[in-house]
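Visitor: prediction below, plus the sequence it came from.
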Amino acid sequence: MKFKLIVVFTILTSLGLNGQVTFQSYLSTVQPDRKLYEAHSLWEHFIRNYSDSLRFLAADLYHFGEVNKHKSSQIFSKRILGCYLVRKGDFRNGEKELKTALIFHRKNGDKVNETEDLNELGIANFLKGDYHSAQSFFQRSLQIGKEVSEKKYMILAELNLAKTFDKLNLIDRAEAIAKHYLRECQILKKYESVSNAYGFLSDLALNAKKIKLAKEYLNKSLKASLLTDNKLILAQVYANLGAFAAESNDFGQAKIHFQKSLDIRQKMNHVKGIIEANFNLAYLEYIQNNFLDAEKLFLHTLEIARKNEFHSDQVDALEMLVEIQKALKNKELEVTYLKEYLDAKSKQAEILYQNKHENEQLIDYFEDEKISGKSAQTINHSSFWTGFLIGFSSLLLILLFYHLLTPRLSELENRNYDE
């Protein structure tokens, strides 16, 4: 099946204040360290439930830090803003803010915040389809997290890494990491993360045609989700239920579940989730041979993806539009959509190529720093984000573009598991 099951990225950074800290109490706090402490708790809550609120939290915390000359507040506001921008599709500016936070936290030896910054950079790269860079950031986050005494930081990026391995078709590794993560979260009683892990394992089982196991995992995911108030988790549970119903040929029930998932994401203005939910509804029509309805929904998906610059989703929607025109034997539109598909694929290749080497420079610096023991203060950080790697072989460039530009028109059994 090619349904997109959105990746709810895992956050295990609760400071024990959830359910107690409100935005009003945060605003009334004037002691800088306490202010930062409460902002961290609100960041965690908003990123899971009200991502639009991140923008206001970032603005207020930055202003507070500026007035009170509290650098740590200003820097943390940049992470908050970066998270907001990434989830709205502004990856370039979002990553810029996240990297600023990372540099500061590395310079100050703040392993907890460094672990979180690296995890967020991994999420940014995952969302834009650069899974190799995402893997590097998640692995680096786990490496730094091992230097923190609290176990939640040691496993912070584990499920995110598992989902990245799934994208890279390393299914056995993905499943093994997800199961380890699940066991640790059960010990920590992190029910949102437990639900998320079971949902991911259910999807793996479903794609492997292990229907009984998929249902078992799905029921456990649903049970764990009832112990939380995380709306994104609930939306994902509905999406998983929809995929399971579709696999069982219960298309009416599948549509109900996918629509519930979409409704929640629309209320939260969760753009990536809205795109994925619309894709699922469109694909559901496609596999029932309702090609005109599917075309209308895929065009709507494409419109949202273009507006918010989610390039990988544009490619996926255009790929399906080509398939629909093939089924309708409309050669003229098939050629039109195929040209758009190739253009979108080319643009995606260009972005991923530049992104890959910018991130390679950063990761390589981490390794060089570890070996040489140089202080982060002596590095010119602007060099991390410069353009293409000078001297990279033109042959490799040609091969890369050949690979990325070759249209891989969908088959029903090709899955595209994606927040």
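Guide: Great, that's in hand. Just so you know, these numbers come straight off a predicted model, no measurement behind them. Numbers count the residues shown, from 1 in each chain.

Visitor: residue 129 in helix, strand or coil?
Guide: Secondary structure, DSSP: H, G, I helix; E, B strand; the rest coil: residue 129 is coil.

Visitor: that one: neighbouring residues, count only.
Guide: Neighbourhood size, residue 129 [other C-beta atoms under 10 Å]: 20. For glycine as for every other residue, the C-beta is placed from the backbone atoms N, C-alpha and C.

Visitor: so which strand or helix has the closest residue to it other than its chain neighbours?
Guide: Leaving aside its sequence neighbours, residue 129 sits nearest to residue 312 (C-beta to C-beta, 6 or more residues apart in numbering; 3.8 Å). Secondary structure from DSSP states H and E places residue 312 in helix 311-328.

Visitor: list the buried ones in that helix?
Guide: In terms of neighbour count (16 or more other C-beta atoms under 10 Å), helix 311-328 has its buried residues at 311-326.

Visitor: pretty sure residue 326 is touching residue 335, no?
Guide: No - using C-beta atoms under 8 Å, residue 326 is not in contact with residue 335, being 10.7 Å away.

Visitor: in the protein, what helix or strand scores lowest on average pLDDT?
Guide: helix 394-405 (a mean of 42; mean pLDDT, DSSP states H and E).

Visitor: so what's residue 182 closest to, chain neighbours aside?
Guide: Using C-beta to C-beta, 6+ apart, the nearest residue to residue 182 is residue 197, at 4.1 Å.

Visitor: for the one you found, helix, strand, or coil?
Guide: Quick answer, by three-state DSSP: residue 197 is helix.

Visitor: pretty sure it contacts residue 181?
Guide: Yes - at 5.6 Å, residue 197 and residue 181 qualify as touching, with contact defined as C-beta under 8 Å.

Visitor: name the residues contacting each of these two.
Guide: residue 159 (C-beta atoms under 8 Å, 6 or more residues apart in numbering).

Visitor: mind checking pLDDT for the residue nearest to residue 129?
Guide: Here the pLDDT value assigned to residue 312 is 89.

Visitor: what residues does stretch 193-212 touch?
Guide: 1, 5, 8, 10, 12, 159, 162-163, 166, 171, 174-175, 178-179, 181-182, 185-186, 213-215, 217-218, 220-222, 224-225, 228, 230, 233, 236-237, 240, 243-244, 247-248, 415, 417.

Visitor: follow-up on the earlier one: residues touching the residue nearest to residue 129, list them.
Guide: Counted by C-beta under 8 Å, 6+ apart, residue 312 has contacts 128, 129, 348.

Visitor: please tell me how far residue 112 sits from residue 232.
Guide: 23 Å (C-beta to C-beta, to the nearest Å).

Visitor: ok, the two, which is more surrounded?
Guide: A count of neighbours by other C-beta under 10 Å puts residue 232 above the other of residue 112 and residue 232, at 23 against 19.

Visitor: ok, the more buried one touching residue 49?
Guide: Yes - between residue 232 and residue 49 there is a contact under C-beta under 8 Å: 7.1 Å.

Visitor: which residue is the nearest non-sequential neighbour of residue 179?
Guide: residue 201 (7.2 Å).

Visitor: count of residues packed around the one you found?
Guide: Neighbour tally, residue 201, other C-beta under 10 Å: 25.

Visitor: and residue 280, by the same measure?
Guide: Neighbour count of residue 280, defined by other C-beta under 10 Å: 28.

Visitor: again with residue 187
Guide: There are 9 residues near residue 187, going by other C-beta under 10 Å.

Visitor: residues in contact with stretch 268-277?
Guide: 4-6, 49-52, 87-89, 127, 231-232, 235, 239, 258, 261-262, 265-266, 301, 304-305, 308, 310, 313, 418-419.

Visitor: which neighbouring elements make contact with the helix or strand containing residue 60?
Guide: Residue 60 belongs to helix 53-67 when assigned by DSSP H and E. Helices and strands touching helix 53-67, by 3 or more C-beta pairs under 8 Å, 6 or more residues apart in numbering; DSSP states H and E, are helix 23-28, helix 32-49, helix 71-87.

Visitor: ranking those by burial, who's on top?
Guide: Neighbour counts averaged per stretch over the helices and strands packed on helix 53-67 are highest for helix 71-87, at a mean of 24; criterion: mean count of other C-beta atoms under 10 Å.

Visitor: list the contacts of residue 304.
Guide: 271, 274, 275, 278, 310.

Visitor: now, those that are in helices?
Guide: In this view, these that belong to helices under DSSP state H are 271, 274, 275, 278.

Visitor: from these, which has minimum pLDDT?
Guide: residue 271 (90).

Visitor: what's around residue 146, how many residues?
Guide: So residue 146, with other C-beta under 10 Å, has 12 neighbours.

Visitor: OK, contacts around the residue lying closest to it once chain neighbours are set aside?
Guide: In space, residue 146 comes closest to residue 154 once its chain neighbours are excluded; the distance is 5.5 Å by C-beta to C-beta, 6+ apart. Applying C-beta under 8 Å, 6+ apart, we find residue 154 in contact with 142, 145, 146, 148.

Visitor: so which of those is the most crowded?
Guide: That'd be residue 145 among the contacts of residue 154, by other C-beta under 10 Å, with 25 neighbours.

Visitor: that one against residue 158, yeah?
Guide: No - between residue 145 and residue 158 there is no contact under C-beta under 8 Å: 9.2 Å.

Visitor: show the contacting residues for the closest residue in space to residue 43 that isn't next to it in sequence.
Guide: Nearest non-adjacent residue to residue 43, counting by C-beta to C-beta, 6+ apart: residue 80, 5.3 Å away. Applying C-beta under 8 Å, 6+ apart to residue 80 gives the contacts 39, 43, 54, 57, 58, 61.
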